[in-house]
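*Asks:* Sharing a model prediction with you, sequence too.
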Amino acid sequence: MRWLLSILAVVGLAGALPIFTPPTAFACSCVYPPDGSQIVEQVSNAASVFLATATAERVADQTAFYEFDVREVFAGDIGTMTTVSSSVQGAACGRGFQIGTEYLVFTSTYDTNGAPWSVNSCSATTEASNDRTRDAAVAVHGAPHAPDPHHDSVGIDDVGAPRWWMLAATGGAIALIALAVRRFSSNRQ
């Protein structure tokens with residue numbers, strides 16, 4: 001009898017296990033897809049919006065940096081060239097660009113890794129030929145204008161400096177300050 005109760009308890013627990021197991025989580029899932037029915041709301045959330053051609057790519061650690069030649073600006077202070085960052089991993093909402101292709105780019109200022117802007121796969125960013133997204137950008141931000149030639153352009157080599165380089169520079173500055181303090185205090189004695 002005891003044996004039968006043990007088996008029933010194990011079977012009962014095994015049957016209840018799916019009830020207590022959390023659902024599968026996805027690292028990157030958009031609330032709504034680009035070009036979906038809520039495109040105007042999605043376009044409204046961008047920190048900057050511009051029409052530009054991807055001209056270069058550089059990968060550092062888990063971040064890709066893309067340089068763009070900017071043709072039109074809908075929102076944001078942008079020069080004739082700018083750089084955006086994105087994760088190289090799709091599970092982290094990374095978004096890639098094809099060099100030589102023109103895009104309508106919707107950016108964020110979150111997690112830029114030194115670039116002025118960042119993008120992810122949940123933004124409204126799309127190829128320039130997507131008229132529905134362009135119409136939504138005009139509805140939200142107004143007609144585009146030329147990029148500001150006086151605004152600092154940010155190239156791909158201007159961003160994403162390796163962290164070890166910054167640490168070495170900081171360490172060198174601290175060493176120089178310590179040496180100067182030591183010499184100053186020894187001269188006073």
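*Replies:* Here it is on my side, so go on.
*Asks:* And the residue nearest to residue 66 when sequence neighbours are not counted, its phi and psi?
*Replies:* Spatial nearest neighbour of residue 66, excluding adjacent residues (C-beta to C-beta, 6 or more residues apart in numbering): residue 97 at 4.9 Å. Quick note: C-beta positions are derived from backbone N, CA and C, even for glycine. Main-chain dihedrals, residue 97, degrees, to the nearest 10: phi -130, psi 140.
*Asks:* from memory residue 97 sits against residue 65, does it?
*Replies:* No. The criterion here is C-beta atoms under 8 Å, and residue 97 misses it with residue 65 at 10.5 Å.
*Asks:* Common neighbours of these two, please.
*Replies:* residue 57 (C-beta atoms under 8 Å, 6 or more residues apart in numbering).
*Asks:* about what we covered before: burial check on the residue nearest to residue 66, number of neighbours?
*Replies:* The number of residues packed near residue 97 is 23, by other C-beta atoms under 10 Å.
*Asks:* okay, now the nearest residue to residue 152 once chain neighbours are set aside: neighbour count?
*Replies:* Using C-beta to C-beta, 6+ apart and skipping residues adjacent in sequence, the residue nearest residue 152 is residue 79, 5.9 Å away. Using other C-beta under 10 Å, residue 79 is surrounded by 16 other residues.
*Asks:* Which helix or which strand is home to residue 79?
*Replies:* Taking DSSP states H and E as the definition, residue 79 sits outside all helices and strands.
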